[in-house]
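# build me a model:
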Amino acid sequence: MISCLIIDDEPFARQEVADLLDKHPDIKVLGQCSNAIEALQQINLLKPDLIFVDIQMPRINGMELIAMLNPEQMPRAVFITAFDEYAIKAFDNNAFDYLLKPIDEKRFNQTLDKVRTNMTPQPMTQILPTQLAHLPCYSGNKLKVVATADVEFIVSDVGGIHVCSNKGFSHTQLTLKVLEQKTALFRCHKQYLLAPSAISEIEITDTGAEVTTHSGSKVPVSRRYLRELKQLLGFQ
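Numbers count the residues shown, from 1 in each chain. This next block holds a predicted model:
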């Protein structure tokens, strides 16, 4: 049995894929997601084998969503798109699986046959963004999209991953590893990532340093990262 998620901001488009999948008893639909934030939460929670993901979703698109996923837990992906000559050329050149809207059932079945023979996720570095412009976050029952440029620091603790921006605190499903790789945030501590532009003051301590951000927050810097931070800021 292959488990999957359907990710598209258009309800009728999600239902179209679900109806087509009803004809394939070896495919189990775990759920449907209307945006990238919901999708990230459900992918981390349910760990589907396969995702059908629309490219042209608002705020955080399908490509950005894929770029946010942990490579070690990446599901097999089938992209869904309205006609986009550039995107289709990129998919064809790299042999990625994609479906055009409205979906042709014959093409859909052929894509599923291809997926069944090889469930290994395809390397996508050629077409994915190398840096994340926005972070999918949540606070209570509210979903938020936080601009990476607004982030001061990110901290990990037993409660999860917490994002401090100039608009306050929120939380994200992204891992520190992905955030370190996909943003300009600097690793300053095993539990912290820091935006160099957010630094107002650095105080040297016995264990390394303590940074005061422009908002007045305090962020620890481990001794092992202090030298690199100084170099990053132009200090000897």
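# neighbours of I80, how many?
Around I80 there are 25 other residues, counting by other CB atoms under 10 Å. For glycine as for every other residue, the C-beta is placed from the backbone atoms N, C-alpha and C.
# can you tell me the helix or strand for it?
strand 76-81 (DSSP states H and E).
# now do L193
strand 192-194.
# packing partners for that strand?
Applying 3 or more CB pairs under 8 Å, 6 or more residues apart in numbering; DSSP states H and E, one finds that strand 192-194 contacts strand 151-157, helix 176-182, strand 186-189, strand 218-222.
# that strand: what's the following helix or strand?
strand 199-205.
# gap between Q110 and Q173?
The gap separating Q110 from Q173 is 33 Å, by CB to CB, to the nearest Å.
# who has more neighbours, the two?
Neighbours were counted for Q110 and for Q173 using other CB under 10 Å; Q173 has more, 21 against 13.
# what number of residues lie near the nearest residue to that one once chain neighbours are set aside?
Nearest non-adjacent residue to Q173, counting by CB to CB, 6 or more residues apart in numbering: L40, 4.8 Å away. A count of nearby residues for L40, using other CB under 10 Å, gives 21.
# now do the SS call for L40.
helix (DSSP: H, G, I helix; E, B strand; the rest coil).
# give me the domain ranges for the chain.
2-117, 134-233 (automatic domain parsing).
# picking that back up, mind listing what the residue nearest to Q173 touches?
Counting by CB atoms under 8 Å, 6 or more residues apart in numbering, L40 makes contact with 65, 68-69, 136, 173-174.
# just the ones in helices from these, please.
Counting by DSSP state H, the part of those found in helices is 65, 68.
# just send the contacts of L40 back as JSON lines, with distance to D157 and pLDDT too.
Converted to JSON lines, the contacts of L40 look like this (distance: CB to CB, whole Å; pLDDT from 0 to 100):
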{"residue": "L65", "distance to D157": "25", "pLDDT": "91"}
{"residue": "M68", "distance to D157": "21", "pLDDT": "88"}
{"residue": "L69", "distance to D157": "22", "pLDDT": "86"}
{"residue": "P136", "distance to D157": "19", "pLDDT": "90"}
{"residue": "Q173", "distance to D157": "15", "pLDDT": "88"}
{"residue": "L174", "distance to D157": "15", "pLDDT": "90"}
